[in-house]
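1. just a sequence and a predicted model for now, questions to come.
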Amino acid sequence: MRGGPVPPRMGIPVEVPGLDTILPTVDEGRLLVVESGTDSAKSFFIRRVARTAIAHKWPVTFVISRDQAELTSLLAAESGGTEFGPSELRIEERDSFSELNGHGAGGGLLAIDSFSFLTLDLDSTKVSALLRSMRTLAREHRTTIILATDRGMFEARAEAVAMHLADGVIQFHAKEGPEGMVRYLRVPKWSDGRFVDRNVYYDFDGRRIAIDLRSRVL
């Protein structure tokens, strides 16, 4: 009803120790981009958020470009063998993604992995229109939308549009250092208006993300 009280804004807790001191929650009704190169920590992080959302009784929809059975198996293994029912988790395999077609209209969490691959055939104007429709849906239905993107796959203009229109951006990085692989993430902007202007270092063994908040020099 118009003019009535607005329910308090909620969020999905970021249950990654250390990172949760910087980003306590993934806010409701926001559009987020999570970007990385080849490091699979990005996808693990999104699954972690999805499992937490389910635990908090949020409906979760995954749109993916790869095998549904693989995602189902990973989520179950990471949840200690828990299997999720259709009212908790919906997974849809797609070869492309150009319009919402009802996705996310029921609120909850909508995760699209890999958004940059699924929109390869769209020019920057169409990517912009799709992202603006996502922002509108997120606001109107209090849906949290997370887009997983692969670094270098977007055309440069489309990547700039995605970063501009997103409410928050997390970038996972991995590079070789003198002592081996160095992993760190950056948060160029977040949904509360903050810029986390620092490298947040982490280790990832396929089962957990371990955050190291000590300062380093690359």
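-> Now that the structure is in, tell me what you want to look at.

2. how far is stretch 178-190 from where the chain is centred?
-> For stretch 178-190, the distance from its own C-alpha centre to the chain's C-alpha centre is 17 Å (C-alpha atoms, centre = their mean, to the nearest Å).

3. can you give the contact residues for it?
-> 19, 22-23, 39, 41, 163, 166-176, 194-196, 198-204, 216, 218 (C-beta atoms under 8 Å, 6 or more residues apart in numbering). Just so you know, the C-beta spots here come from the backbone N, C-alpha and C atoms, and that holds for glycine as well.

4. same check on stretch 148-167?
-> 27, 30-37, 42-43, 46, 111-117, 119-120, 122-124, 127-128, 131-132, 135, 138, 147, 169, 171, 188-191.

5. need the buried ones from these selected in PyMOL.
-> Of the contacts of stretch 148-167, the buried ones go into a single PyMOL selection, burial set by 16 or more other C-beta atoms under 10 Å:
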select buried, resi 27+30+31+32+33+34+35+36+42+43+46+111+112+113+114+115+116+117+119+122+124+127+128+131+135+138+147+169+171+189+190+191
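
6. on that earlier part again, which among the contacts of stretch 178-190 count as buried?
-> 19, 22-23, 39, 41, 163, 166-174, 199-202, 204.

7. now, the residues you listed that are in strands?
-> Judged by DSSP state E, the buried ones among the contacts of stretch 178-190 include 168-174, 199-202, 204 as members of strands.

8. which among the residues you listed gets closest to Leu75?
-> Nearest to Leu75 among these: Phe204, at 17.3 Å, using C-beta to C-beta.

9. in strands, which of the contacts of stretch 148-167 appear?
-> Using DSSP E, the contacts of stretch 148-167 in strands are 27, 31-36, 111-113, 147, 169, 171, 188-189.

10. okay, the residue most central in space within the chain: pLDDT?
-> By C-alpha atoms, centre = their mean, the chain has its centre lying nearest to Ile146, at 3.5 Å. Looking at Ile146, its pLDDT is 98.

11. repeat that for the one 5 residues further on.
-> Listed pLDDT for Arg151 reads 93.
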